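Peer 1: Curious how this folds, go ahead:
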Amino acid sequence: MRVTLKNPQRYQTNMFVADRSVRAATTKEYILPIRRKWINIVLMLTLKAAANSAVNSYKLNIFLEQMKKGDLMLARFRKMTENLNKPTVLTQSSGSIAFGARISLLAPHVPASDPPVEGKNGLLLGGRISSNDIIRSQVLIDGCSLVGMPDLKPVESSTFVITSADYCNREGEPLKYNQEFLLALSSSLDKKPLYIRYDPNPIPGLCSLFPLYLSEHFVSNTRWRVLPIQSPTITRFELEGKPITVNEDVVVNHCATNVNLGINVGCWAMGFYGKICAPIMKTCLDVYGRELPNNVWQIYTPIAN
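Peer 2: Here you go, the predicted model:
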């Protein structure tokens, strides 16, 4: 049976209106929320990119400012290296040593590496700047520790000046066995002298591996004396008061505690320039009552030709 529409144009119009209303409802229900969601995502990404750009610009400005001031870690390390490893000239002597002489303390009979290498011996006592200290100073200051360094070249960090401990001007007088003296860092004499110091019985947990440190305070814990090594032919009492010869085995004794300065050959740590050895304050004797090699030192100065 064939059906003929009386008004086909009106029917098409009604269909179009119905279809448009359906599409509008679909758009309102599904498409618009998705569109708003994507718009929000784009806005969030744009704001985040702008914030990151501002942060990166701020960090770049800080970096450039630190680079101009020399506050970058690399610049600090270079400045520290220049200050500590600056070559120095020791007092030349072929005989006795005197007050005011620039010397280095050498432990000649201890291994200079870890693990030990045959034929490679000797450690110099010198100042050390830790990774925490380098942030506030690139030179040796009050509180910096002292360590045994394998590099035997005389530099500013390992050069000390023998000064008097009795408030008298003894410049040029020979240093004698069992005579008290101070060891001041040579590079600190132009400002405020820094003395080698050892504090006995430190509080457990507050002391580090390195018992020696530099101190700007002239107290009894900064006093030292040199003793001759034990010998079967002559006693220490017989050598007391005689001048000390350079580059000869001696014992460095702490006056306040009567313990000897030594090198802890079993305790190595990593420093800025390689491995370093910790000093030890302990009198180490063998079964015959003689000092062990890690308690033996030399007042090191180059021999004059």
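
Peer 1: Show me what the helix or strand harbouring residue 263 is packed against.
Peer 2: Using DSSP states H and E, the element containing residue 263 is strand 261-271. The contact analysis (3 or more C-beta pairs under 8 Å, 6 or more residues apart in numbering; DSSP states H and E) places strand 261-271 against strand 102-111, strand 146-149, strand 249-254, strand 274-281. Every residue, glycine included, has its C-beta placed from N, CA and C.

Peer 1: one more time with 7 Å
Peer 2: strand 102-111, strand 274-281 (3 or more C-beta pairs under 7 Å, 6 or more residues apart in numbering; DSSP states H and E).

Peer 1: between it and strand 102-111, how big is the angle?
Peer 2: 80 degrees (axes from the mean of the first three to the mean of the last three C-alpha atoms, to 10 degrees).

Peer 1: Tell me the gap between strand 261-271 and the middle of its chain.
Peer 2: 15 Å (C-alpha atoms, centre = their mean, to the nearest Å).

Peer 1: same thing with stretch 109-117?
Peer 2: With C-alpha atoms, centre = their mean, you get 22 Å for stretch 109-117.

Peer 1: what comes into contact with it?
Peer 2: The contact list for stretch 109-117 (C-beta atoms under 7 Å, 6 or more residues apart in numbering) reads 120, 121, 122, 123, 150, 263, 265, 268, 275, 293, 294, 296.

Peer 1: Specify the local secondary structure of the fourth one.
Peer 2: What it means is residue 123. Assigned with DSSP: H, G, I helix; E, B strand; the rest coil, residue 123 falls in the strand class.

Peer 1: dump the residue contacts of the closest residue in space to it that isn't next to it in sequence.
Peer 2: In space, and not counting its chain neighbours, residue 123 is closest to residue 148: 3.6 Å by C-beta to C-beta, 6 or more residues apart in numbering. Shown in contact with residue 148 (C-beta under 7 Å, 6+ apart): 107, 123, 125, 263, 276, 277, 279.

Peer 1: Also residue 173?
Peer 2: Residue 173 neighbours (C-beta under 7 Å, 6+ apart): 98, 99.

Peer 1: Residue 160 too?
Peer 2: 103, 104, 183, 184, 185, 186.

Peer 1: now the second one: how far from residue 152?
Peer 2: Looking back up the chat, that one is residue 104. Distance, residue 104 to residue 152, using C-beta to C-beta, to the nearest Å: 8 Å.

Peer 1: And the strands in the stretch 51-200 of the chain?
Peer 2: Using DSSP state E, counting those that start in this stretch, the strands assigned to the stretch 51-200 of the chain run over residues 102-111, 121-127, 146-149, 160-164, 181-185, 195-198.

Peer 1: returning to that earlier point: between residue 104 and residue 152, which has more neighbouring residues?
Peer 2: residue 104 (23 against 16; other C-beta atoms under 10 Å).

Peer 1: pretty sure that one contacts residue 154?
Peer 2: Yes - shown here, residue 104 and residue 154 form a contact pair, counting by C-beta atoms under 7 Å, at 5.6 Å.

Peer 1: so which two of the contacts of residue 160 are the farthest from each other?
Peer 2: Within those, two members stand farthest from each other by C-beta to C-beta: 104 and 184, at 13.2 Å.

Peer 1: Is it possible to get a markdown table of the contacts of residue 160 that adds distance to residue 174?
Peer 2: A markdown table is the format used below for the contacts of residue 160 (distance: C-beta to C-beta, whole Å):
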| residue | distance to residue 174 |
| --- | --- |
| 103 | 13 |
| 104 | 18 |
| 183 | 16 |
| 184 | 18 |
| 185 | 22 |
| 186 | 20 |
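
Peer 1: so where is this protein shaky, pLDDT-wise?
Peer 2: Residue ranges of the chain with pLDDT under 70: 1-35, 51, 54-56, 58, 60-61, 63-64, 66-71, 202-208, 303-305.

Peer 1: Many thanks, we can stop here.
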